[in-house]
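Peer 1: please find the sequence and the predicted model below.
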Amino acid sequence: MIRFEKEYCTLNIFLGEKKIFTVDDSALAVGIGENSFNMSHGSFKIHDTILLKTAISIKDVKLEENRAVLLTRFGEVFIENEGNRIKVSFDGFNDYNRLFIILPAFEDEKVYGSGEIFSEFNIIGERANVWVAEHINAIQIAKKLIKQVGGIKNTKRKQAFRKYETYYAQPTFISSKRYFFHSLNTARASFDFTNNEIHRIKLDEIAPFYIGFGESYEELMQGITDIVGRQPELPDWVYDGQIIATQGGSERLLEAKEITDNNGIDTTGFWIQDWEGRRITAAGKQLYWNWEWDEELYPKLDEIIKDFNSQGKKVLGYINPFLAVEKPLYQEANKKGYCVKDKDGKDYLVTITTFPAAMVDFTNPKAYEWIKNIIKKNMIEFGLSGWMADFGEYLPTDCVLYSGEDPELVHNTWPAIWAKINREALEETGKLGEIMFFTRAGYSDTPRYSTMMWCGDNHTDFSIDFGLPSVIPAMLSLSVCGFGLSHSDIGGYTSFFNLKRSEELYMRWCEMNAFTPVMRGHEGLNPDLNAQFDASERVLAHGAKMTRIHKNLKPYLKEAVKYNSKTGVGVIRPLFFYYEEEQAYNECYEYLLGRDILVAPVITQGAVEREVYLPEDEWIHLWSKKEYSGGNITVDAPIGEIPVFVRKSAKNLIDIMLEEK
């Protein structure tokens, strides 16, 4: 498929008979640079000073079997032919810490990726900063609340993309010209897609990268996930209903189960994020980060878990890489030297919202095993069937690690290491395939270690950049980066003052999540402000209906999840994967669930209808059974009738989804 031709000191790369790339002195440059970082609550201000930039100066090109070697004045560049991709690596560039790559841009090209993007999908025309960070910061929330108090509420407004940060960054993108780029760097990277003629890539270290090709987008996804890894299949119980979020103690947990039982809501589990205790702060009802059962808040929880399991109901918990400084586990970690240090040798305390916390140092092998064994004993052995493995994006660049590594080179990898710890806990106890954990932050390697992503921490509103609509491009962008299993908190999370969840928002989110791999709720940061699953008879009836549809989709979802584990083609897929239409490439608020179901969630408050773009195919509207052949249509969309269309070739899915068992 790929072949090389030498032309003086230039290498031409062909895909079949078509020349696709030319590698000369304009394609690659190296340099020296310095970054300065200012982190506040996980959000980063980064200033990059380039001290030197110079072309690699190719002196000669040698063609060898399955590779080309560029001889430069600094060292050697190896370009290996790996069938449907090339790998570019470097030797002898030890004095440099910046790599500049130029790729050609094409007319009408679209580009997707760089990690999990909430406000955009096609990022052509944008500059993407590939750096793991807190997606939503306090300043953004404060500005929003002030505007709302002043009567300004514009849910369609987006913040400038240059201000964008994300929990899950990955130096990967795919092009509508059917190629992908992926770098093996761990330092910060940046993608510049603002030029009509070239794409500029900057890596803050000299690191190998891949460029891969495919005749279809499914082939591209297989190529990407051959490198970054794929998720295993989910436990069978995950599909058997909704995972209800509840907190506040054993009494409330038992009450939640009774309410769902009495109202016909099929529950497969109950998620109690405060199983280890909670603290009340100025931000809301938060958690005590001490990963042990809080027997005072949850008396007899061990017995409750056994009883729930006997009824086919699971109990899920919560963990993150931090330790509450007031609690016993921190005292143990502090005594043993298991925490990340500051430059004075003291435990580095990071302020998350309103309180400081210490971080377990994953580069210390004993600390690594210590936190893993806590998961094994206090969570798996205790009886939890899953958990939220939160955070991972807060490693400061001025900390001191046990390994002596530069934290600037480790920061992005931290969430992937955190996922690996959780994954190993499952594998070493023989529970992989029985227990599911879900992560928020990520980087390259997260797709191979985590079992599920969730798109958090969204605002409890309909805002396009942080609310319900934002999780759709987030799930799509995760899929094109190789993480094919994702979902979101029903109703969102971030809630303050007048930013609170209405019954309408809860129900719209609930019906969307019925058409994702996992249907799970969240009470939110301030539960008392938010409509919950039992807010009213109407909400309960709606939840029962949508949960039944999700449960009916079990065979379909299981097959899509299995396909993802084998090929890397996500359960949530962009329309353009199968439809060569301009609008399909630009659509970011509709998605395909597997191959045969198109979902167009209602993303506007108060809407009772929605305009839907249907690619050219034979479609059947789930609720009216009316048939369509494609184009832009407007359909009725009252609450409980989210616009969903099924390909006519799979019309049996309609009866399956709507069956009342």
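Peer 2: Cool, got the structure.
Peer 1: and residue 433, how far from residue 425?
Peer 2: 14 Å (Cβ to Cβ, to the nearest Å). All C-beta atoms are positioned from the backbone trio N, CA, C, and that covers glycine.
Peer 1: neighbour count: these two, which is higher?
Peer 2: residue 425 (24 against 14; other Cβ atoms under 10 Å).
Peer 1: could you say which helix or strand holds residue 540?
Peer 2: helix 537-552 (DSSP states H and E).
Peer 1: how about that helix: buried residues?
Peer 2: Using 16 or more other Cβ atoms under 10 Å as the test for burial, helix 537-552 gives 539-540, 542-552.
Peer 1: quick check: pLDDT value at residue 633.
Peer 2: Here, the pLDDT recorded for residue 633 equals 98.
Peer 1: again, but for the one 4 residues further on
Peer 2: Each residue has a pLDDT score; the one for residue 637 is 98.
Peer 1: do the same with residue 578
Peer 2: We note a pLDDT of 98 for residue 578 in this prediction.
Peer 1: for residue 42, same thing?
Peer 2: Confidence at residue 42, expressed as pLDDT, is 89.
Peer 1: so it sits right up against residue 353, yeah?
Peer 2: No. Under the criterion of Cβ atoms under 8 Å, residue 42 is not in contact with residue 353, lying 9.9 Å apart.
Peer 1: more neighbours: the two, which one.
Peer 2: Between residue 42 and residue 353, counted using other Cβ under 10 Å, residue 42 has the larger neighbour count: 24 against 13.
Peer 1: not counting sequence-adjacent ones, nearest residue to that one?
Peer 2: Setting aside the residues directly before and after it, residue 42 is nearest to residue 134 in space (Cβ to Cβ, 6 or more residues apart in numbering), at 3.1 Å.
Peer 1: ok, now how distant is that neighbour from residue 496?
Peer 2: When residue 134 is compared with residue 496 (using Cβ to Cβ), they lie 16 Å apart.
Peer 1: and for residue 505?
Peer 2: Taking Cβ to Cβ as the measure, residue 505 falls 15 Å from residue 496.
Peer 1: right, and the helix or strand after the least confident helix or strand in the chain by mean pLDDT?
Peer 2: Of all the helices and strands that make up the chain, the one with the lowest confidence by mean pLDDT, DSSP states H and E is helix 138-149; it has a mean of 70. Of the helices and strands lying after helix 138-149 in sequence (DSSP H and E), the nearest is strand 169-175.
Peer 1: partner strands of that following strand, parallel or antiparallel?
Peer 2: Each strand paired with strand 169-175, and its direction, by DSSP bridges: strand 111-115 (antiparallel), strand 179-183 (antiparallel).
Peer 1: out of the ones you listed, which one sits most buried?
Peer 2: Each of the strands paired with strand 169-175 was scored by mean neighbour count; the highest is strand 111-115, a mean of 26, by mean count of other Cβ atoms under 10 Å.
Peer 1: my guess is residue 70 contacts residue 27. True?
Peer 2: No. Under the criterion of Cβ under 8 Å, residue 70 lies out of contact with residue 27, with a separation of 9.8 Å.
Peer 1: quick one, which of these two is more surrounded?
Peer 2: residue 70 (25 against 22).
Peer 1: secondary structure class for the residue nearest to the more buried one when sequence neighbours are not counted?
Peer 2: Leaving out its chain neighbours, the residue that sits closest to residue 70 by Cβ to Cβ, 6+ apart is residue 77, at 3.9 Å. When the structure is split into helix, strand and coil by DSSP: H, G, I helix; E, B strand; the rest coil, residue 77 lands in strand.
Peer 1: mind listing what residue 77 touches?
Peer 2: For residue 77, the residues meeting the contact criterion (Cβ atoms under 8 Å, 6 or more residues apart in numbering) are 28, 56, 69, 70, 88, 89, 90, 91.
Peer 1: out of these, flag the one nearest to residue 305.
Peer 2: Compare each of the contacts of residue 77 with residue 305 using Cβ to Cβ and the shortest gap goes to residue 89, at 49.7 Å.
Peer 1: for the closest one, give me phi and psi.
Peer 2: For residue 89, the backbone dihedrals (degrees, to the nearest 10) come out as phi -130, psi 170.
Peer 1: next up, the contacts around it.
Peer 2: Applying Cβ under 8 Å, 6+ apart, we find residue 89 in contact with 77, 78, 80, 208.
Peer 1: got the residues you listed as TSV, with pLDDT columns?
Peer 2: Rendered in TSV, the data for these read as follows (pLDDT from 0 to 100):
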residue	pLDDT
77	98
78	98
80	98
208	98
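Peer 1: who wins for neighbours among these?
Peer 2: The residue in the contacts of residue 89 with the most neighbours, by other Cβ under 10 Å, is residue 77 (23 neighbours).
Peer 1: for residue 101, see how far away that one is.
Peer 2: Applying Cβ to Cβ, the value for residue 77 to residue 101 is 11 Å.
Peer 1: just to revisit the earlier point, who does the residue nearest to residue 70 form a beta bridge with?
Peer 2: According to DSSP bridges, the residues that bridge with residue 77 are residue 70, residue 90.
Peer 1: the stretch 401-550 of the chain: strands as residue ranges?
Peer 2: Using DSSP state E, counting those that start in this stretch, the strands found in the stretch 401-550 of the chain span residues 436-439, 453-454, 486-487, 489-490, 520-521.
Peer 1: tell me the helices and strands packed up against the third one.
Peer 2: The contact analysis (3 or more Cβ pairs under 8 Å, 6 or more residues apart in numbering; DSSP states H and E) places strand 486-487 against strand 453-454, helix 471-480.
Peer 1: who does it pair up with?
Peer 2: With DSSP bridges as the test, strand 486-487 is paired with strand 453-454 (parallel).
Peer 1: gap between the partner strand and the chain center?
Peer 2: Per Cα atoms, centre = their mean, to the nearest Å, the displacement of strand 453-454 from the mean C-alpha position of its chain is 5 Å.
Peer 1: neighbouring contacts of that strand?
Peer 2: Against strand 453-454 from outside (Cβ under 8 Å, 6+ apart): 116, 168, 388, 438-440, 442, 446, 478, 483, 485-489, 520.
Peer 1: pLDDT below threshold where in the protein?
Peer 2: Scanning the chain for pLDDT under 70 picks out 138, 145-146, 148-152.
Peer 1: contacting residues around the residue lying closest to residue 104 once chain neighbours are set aside?
Peer 2: Computed as Cβ to Cβ, 6+ apart, the closest residue to residue 104 that is not its neighbour in sequence is residue 198, at 6.2 Å. Residue 198 is in contact with 102, 103, 104, 105, counting by Cβ under 8 Å, 6+ apart.
Peer 1: for burial, what's the neighbour tally of the nearest residue to residue 638 once chain neighbours are set aside?
Peer 2: In space, residue 638 comes closest to residue 608 once its chain neighbours are excluded; the distance is 5.4 Å by Cβ to Cβ, 6+ apart. Here the neighbour count serves as a burial measure; for residue 608 (other Cβ under 10 Å) it reads 11.
Peer 1: can you name every helix or strand that the host helix or strand of residue 613 contacts?
Peer 2: Here residue 613 sits within strand 609-614, counting by DSSP H and E. Counting by 3+ Cβ pairs under 8 Å, 6+ apart, the packing neighbours recorded for strand 609-614 are strand 631-636.
Peer 1: and the strand it packs on with strand 609-614, angle?
Peer 2: 150 degrees (axes from the mean of the first three to the mean of the last three Cα atoms, to 10 degrees).
Peer 1: so after strand 631-636, what's the next helix or strand?
Peer 2: From strand 631-636 onward toward the C-terminus, using DSSP H and E, the following helix or strand is strand 644-647.
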